[in-house]
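Student: What follows is a predicted structure for the sequence shown.
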Amino acid sequence: MHGYDDRGRKVLDYLPGTAYRRRAGGRDALAIPLDPEYQAGRLRLMASSYGGTFTPLQLLEAAPVLAERSARVMRAGQLAGNPGMLNLTQVGEPERTERRLAVLRDRIPQIAACL
């Protein structure tokens, strides 16, 4: 897959993570269970805003992969004694991300059906 933003970052490396984590219009994105049609609409908007380089389904499917990678990096950093990563334990990471990820994986078929 190709697609780079104006800073040279691979769009598929960060856009699905943005969909997973970011608040939009006062509502949480994919990390929090909401109406699947609403979340599908947000994914359609994100995909079209980036010129249709990626489909909404591609963003949806990539979101759990990136969240899993984030949890893995946090856990590895904590095991290595990284102070920043150890601080994340105070807010329940990476377990919080892993719990939300499990919920998202269960909901992907519902969201995908709305795309």
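Tutor: Here it is on my side, so go on. Residues are numbered from 1 along each chain as shown.
Student: quick one: L66 from G81, how far?
Tutor: 25 Å (Cβ to Cβ, to the nearest Å). All C-beta spots, glycine's among them, are computed from the backbone N, C-alpha and C.
Student: of these two, who's got more company?
Tutor: L66 (20 against 8; other Cβ atoms under 10 Å).
Student: Quick one: the helices in this protein, in order.
Tutor: 11-21, 36-49, 56-79, 83-87, 95-113 (DSSP state H).
Student: Out of these, which is the most enclosed?
Tutor: Greatest average neighbour count among those goes to helix 11-21 (a mean of 20), per mean count of other Cβ atoms under 10 Å.
Student: Mean confidence (pLDDT) on that helix, please.
Tutor: Helix 11-21 shows a mean pLDDT of 61.
Student: Same question for stretch 81-95.
Tutor: On average, stretch 81-95 scores 95.
Student: Now do the end-to-end distance for that stretch.
Tutor: One end of stretch 81-95 sits 17 Å from the other (Cα to Cα, to the nearest Å).
Student: Use 399 as the first number from now on
Tutor: That works, and once the first residue is 399, the last one we named lands at stretch 479-493.
Student: what's in contact with that stretch?
Tutor: Outside stretch 479-493, the residues that touch it by Cβ atoms under 8 Å, 6 or more residues apart in numbering are 468-476.
Student: Closest one to Q456 out of these, please.
Tutor: Nearest to Q456 among the contacts of stretch 479-493: S468, at 18.5 Å, using Cβ to Cβ.
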